[in-house]
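Engineer: Pasted the sequence and its predicted model underneath.
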Amino acid sequence: MSVEPENQEILTPGHFLIGHSLKLLPSEDKTDIPINRLQRYELIQRVVQSFWKRWKNEYLTSLQQRPKWTKDKSSLEIGDLVLIKDDNAKPGEWARGRVMECHPGKDNVTRVVTLKTADGIVKRAANKLAKLPIE
């Protein structure tokens with residue numbers, strides 16, 4: 001910087017940020033341009049659907065304990081709280097139930113259980129249930 005008035009450089013925000021003035025032209029201000037609300041809504045819906053799809057495919061699958069067929073013990077027992085997987089139900093609205101009775105087959109493996117739900121008593125296949133990790 002010079003002491004002569006004609007050679008003095010104007011102090012700009014660039015001096016505080018990088019030590020000298022900025023050489024680039026400022027870009028056009030786009031903060032006032034409204035976002036297309038329909039596109040934003042569709043994006044949000046896609047993110048929500050993706051979340052529920054991953055939750056169903058990854059988390060619920062991790063809850064299903066699948067012991068080897070060589071084991072005699074079933075992973076479901078009377079009194080267990082389970083989530084009933086239903087491909088036709090809306091995400092987040094899968095029914096819950098409590099195992100009331102186990103129905104072992106001829107090979108002594110439980111493949112069907114009787115559940116008590118909010119809507120009544122139902123029978124469901126054990127592979128459509130996810131035991132909730134409640135202790």
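Structural biologist: Perfect, thanks for sending it. Numbering: from 1, shown residues only.
Engineer: could you point out which element follows the longest helix belonging to the chain?
Structural biologist: Criterion DSSP state H: the longest helix present in the chain is helix 37-54. Next along the chain after helix 37-54, taking DSSP states H and E as the criterion, comes helix 61-63.
Engineer: average model confidence for that following helix?
Structural biologist: The average pLDDT within helix 61-63 is 73.
Engineer: mind listing what's buried in the helix or strand just after it?
Structural biologist: Remark: after helix 61-63, the chain's next helix or strand is strand 81-84, criterion DSSP H and E. Neighbour counts over strand 81-84 (16 or more other C-beta atoms under 10 Å) mark 82-84 as buried. C-beta coordinates here come from the backbone N, C-alpha and C atoms, glycine included.
Engineer: picking that back up, only alpha carbons, please: show the longest helix of the chain as CSV.
Structural biologist: The C-alpha trace of helix 37-54 is given here as CSV (Å, rounded to 0.1, in the frame of the first residue of the first chain):
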residue,chain,number,x,y,z
ARG,A,37,-42.3,-26.8,-4.8
LEU,A,38,-43.4,-29.9,-6.7
GLN,A,39,-39.9,-31.0,-7.3
ARG,A,40,-39.0,-30.4,-3.7
TYR,A,41,-42.0,-32.4,-2.6
GLU,A,42,-41.1,-35.3,-4.9
LEU,A,43,-37.5,-35.2,-3.6
ILE,A,44,-38.7,-35.4,0.0
GLN,A,45,-41.1,-38.3,-0.9
ARG,A,46,-38.3,-40.2,-2.6
VAL,A,47,-36.1,-39.8,0.5
VAL,A,48,-38.8,-40.9,2.8
GLN,A,49,-39.7,-43.9,0.6
SER,A,50,-36.0,-44.8,0.4
PHE,A,51,-35.7,-44.7,4.2
TRP,A,52,-38.6,-47.0,4.8
LYS,A,53,-37.5,-49.4,2.0
ARG,A,54,-34.0,-49.6,3.6
